[in-house]
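# okay, structure incoming, though there's no sequence with it:
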């Protein structure tokens, strides 16, 4: 199977099953992906074998299509070169979702520091409020004991 045959079969199995704009976005995404993989040194046939059956891909895309435009936003982002691959940032946006790339060492350090800061803040709040609740509990216990006596 060639790239053109793969894309045509994908298009054919998506057509009529979802909006034309989404079909076009999905086909463009796979076309760009195949071209990118070929540019990186892979053979076209190898890329197509890794992707698998375009009918199965189309079925998966139809099943996950819930009427939102988030997939198209992700594909448009990828086309404009703003994907996380090759970027130096530890985080990136896809559609309306913010992703953190924990494969970078400094992101892991920041996450650990953030957790420590949150725990310290919670401990500070708890240590400031806990004496009040202890006194309140003792008073309520004494009042309850006196009432029952």
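Thanks, I have it. None of the values given here were measured: they were computed from a predicted structure. Numbers count the residues shown, from 1 in each chain.
# do you have the strands of this structure handy? List them.
Listed in chain order, the strands of the chain (DSSP state E) span 91-94, 97-100.
# mean pLDDT lowest for which of those?
Lowest mean pLDDT within the strands of the chain: strand 91-94, at a mean of 49.
# now stretch 126-139: how far from the chain's centre is it?
The chain centroid and the centroid of stretch 126-139 are separated by 42 Å, computed with Cα atoms, centre = their mean, to the nearest Å.
# equivalent analysis for stretch 24-36, please.
Averaging C-alpha positions (Cα atoms, centre = their mean) puts stretch 24-36 20 Å from its chain's average.
# what's the average pLDDT for it?
So the average pLDDT for stretch 24-36 ends up being 92.
# what's the answer for stretch 62-69, then?
68.
# do stretch 128-140 as well
93.
# show me where the protein has helices.
For the chain, the helices defined by DSSP state H cover 3-14, 20-39, 44-51, 54-64, 70-79, 105-148.
# okay, those helices in CSV with mean neighbour count next?
Every C-beta, even on glycine, is put in place using the N, C-alpha and C of the backbone. CSV is the format used below for the helices of the chain (neighbours: other Cβ atoms under 10 Å):
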stretch, mean neighbour count
helix 3-14, 17
helix 20-39, 16
helix 44-51, 14
helix 54-64, 15
helix 70-79, 17
helix 105-148, 10
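# residue 13 and residue 106, how far apart?
According to Cβ to Cβ, to the nearest Å, residue 13 and residue 106 sit 43 Å apart.
# typo on my end, residue 57
With Cβ to Cβ as the criterion, residue 57 and residue 106 are 36 Å apart.
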